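Asker: coords please:
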Amino acid sequence: MSAESPGLRHHQPNAFHTAHTRFRNWRWQRPFWAGLLTLLGGIPIAYFPYANMTLGQLTVRMSTTTGSSSLVIGILLMVLGLTLWFQPLVRVFAGVAAILLALVSIPVSNFGGFLIGFLLALMGGALAVAWAPGVPAKAEKAEPAASAELPDGGAAVPQQSYAPQTEQHAASTGTGTDDETTNNHRRA
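Answerer: Numbers count the residues shown, from 1 in each chain. Below you'll find the predicted structure:
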């Protein structure tokens, strides 16, 4: 008996592994959690004004005169959540709109869905505004990425990894230096 498992050498990806990998790659290319929180934030905002709660023989309605505006705010938040998933280029607009709709939901729809929908939509909007797409990591120059050959004769496809995006600021030369500031004060 060997300590090495022969089953690990000849691993064939199954349907679950392939679907999970595709979903993970799709999720990493967009503000997924921002969209999910915004989508979930719209549900209590739209639901609570139309909900009935029964306590024994007593029926309590949480309906307000602005129930239709609560429904509109909730549906708009759900649409913004889906927009963040399927149109990630408009993430800043969708994030700011989600924050504004969450703030408007406080006086309009039962304190923003009893603060549940308000907090979810606010966090989703903030995550959407803060999210930035990753840039592909630079390939190693010493080792060219050759496709590995699998034991069954097929070739493995190299996967692209992403690194965090950094902002580059160009400073103009000579503006705002200490020497110019002191020279301006000496002239005066």
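
Asker: residues of the one helix or strand residue 94 maps to that come out buried?
Answerer: Of the helices and strands defined by DSSP states H and E, residue 94 is found in helix 91-108. Residues of helix 91-108 classed as buried: 91, 94, 95, 97, 98, 99, 101, 102, 104, 105, 108 (neighbour count, 16 or more other C-beta atoms under 10 Å). For every residue, glycine as well, the C-beta is placed using N, CA and C.

Asker: correct me, but the third one touches residue 34?
Answerer: Yes: at 6.7 Å, residue 95 counts as touching residue 34 under the criterion of C-beta atoms under 8 Å.

Asker: give the residues shared as contacts by those two.
Answerer: Residues touching both residue 95 and residue 34 (C-beta atoms under 8 Å, 6 or more residues apart in numbering) are 84, 124, 125, 126, 127, 128.

Asker: from the buried residues of helix 91-108, which single one is nearest residue 46?
Answerer: Closest to residue 46 out of the buried residues of helix 91-108 is residue 105 (9.6 Å), distances taken as C-beta to C-beta.

Asker: just to revisit the earlier point, pLDDT, neighbour count and secondary structure for the shared contacts of residue 95 and residue 34 - can I get that in TSV?
Answerer: Output for the shared contacts of residue 95 and residue 34, formatted as TSV (pLDDT from 0 to 100; neighbours: other C-beta atoms under 10 Å; DSSP: H, G, I helix; E, B strand; the rest coil):
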residue	pLDDT	neighbour count	secondary structure
84	94	29	helix
124	96	30	helix
125	95	29	helix
126	96	17	helix
127	95	21	helix
128	95	30	helix
